[in-house]
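Q: can you look at this prediction? I've put the sequence above it.
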Amino acid sequence: MAYVYLLVAGLLETVWSVGLKYTEGFTRLWPTLGTLIAMAASLGLLGLALKDLPVGSAYAIWTGIGTIGTAILGMILFQEPATVARIVSILLIVAGIAGLKIAG
């Protein structure tokens with residue numbers, strides 16, 4: 001169950017990272033509230049996952065999921081460049097996450 005919590009926490013990190021863009025500097029109420037709720041839920045689920053997982057691996061996986069999701073959504077939603085270097089970098093993050101999972 002800890003990995004489920006961690007996965008959802010990482011996905012929520014993506015939500016709040018992208019949500020920050022929509023808050024326009026915390027000047028828009030609903031995007032700001034949604035972002036703050038996603039932040040709290042993400043951290044809460046990370047805390048639950050840390051009951052059973054090593055902190056170093058869990059934190060790296062959490063931030064990796066958030067980084068990958070945010071980078072992909074940036075390309076889709078905000079027309080950020082999808083260069084070969086960016087795609088390869090995302091794949092390297094995936095490889096790092098897989099390595100951490102395999103290593104324990």
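A: Arrived safely. Because the structure is predicted, anything quoted here is derived from the model rather than measured. Residues are numbered from 1 along each chain as shown.

Q: going forward, measure contacts between C-alpha atoms and count neighbours the same way
A: OK.

Q: secondary structure element for the residue nearest the centre of the chain?
A: Geometric centre of the chain, nearest residue: residue 66, 1.5 Å, by CA atoms, centre = their mean. Using DSSP states H and E, residue 66 falls within helix 55-77.

Q: phi, psi for the most far-flung residue of the chain relative to its centre please.
A: Distance from the centre of the chain peaks at residue 27, with 23.1 Å (CA atoms, centre = their mean). Residue 27 adopts backbone torsions of phi -100, psi -10, taken as degrees, to the nearest 10.

Q: tell me who's in contact with it.
A: For residue 27, the contact set (CA atoms under 8 Å, 6 or more residues apart in numbering) is empty.

Q: what's the distance between it and residue 21?
A: Separation of residue 27 from residue 21 (CA to CA, to the nearest Å): 11 Å.

Q: what is the burial count for residue 58?
A: Using other CA atoms under 10 Å, the number of residues around residue 58 comes to 25.

Q: ok, back up a step: so who does the residue nearest to the centre of the chain touch?
A: Contacts for residue 66 (CA under 8 Å, 6+ apart) come out as 10, 11, 12, 13, 14, 17.

Q: can you tell me how far it sits from residue 101?
A: Distance, residue 66 to residue 101, by CA to CA: 16 Å.

Q: same check on residue 47?
A: Look at residue 47 and residue 101: by CA to CA, they are 18 Å apart.

Q: who has more neighbours out of the two?
A: residue 47 (19 against 13).

Q: tell me where the model's unsure across the protein.
A: 104 (pLDDT under 70).

Q: could you redo the last one with a cut-off of 80?
A: By pLDDT under 80, the weakly predicted segments of the chain are 101, 104.
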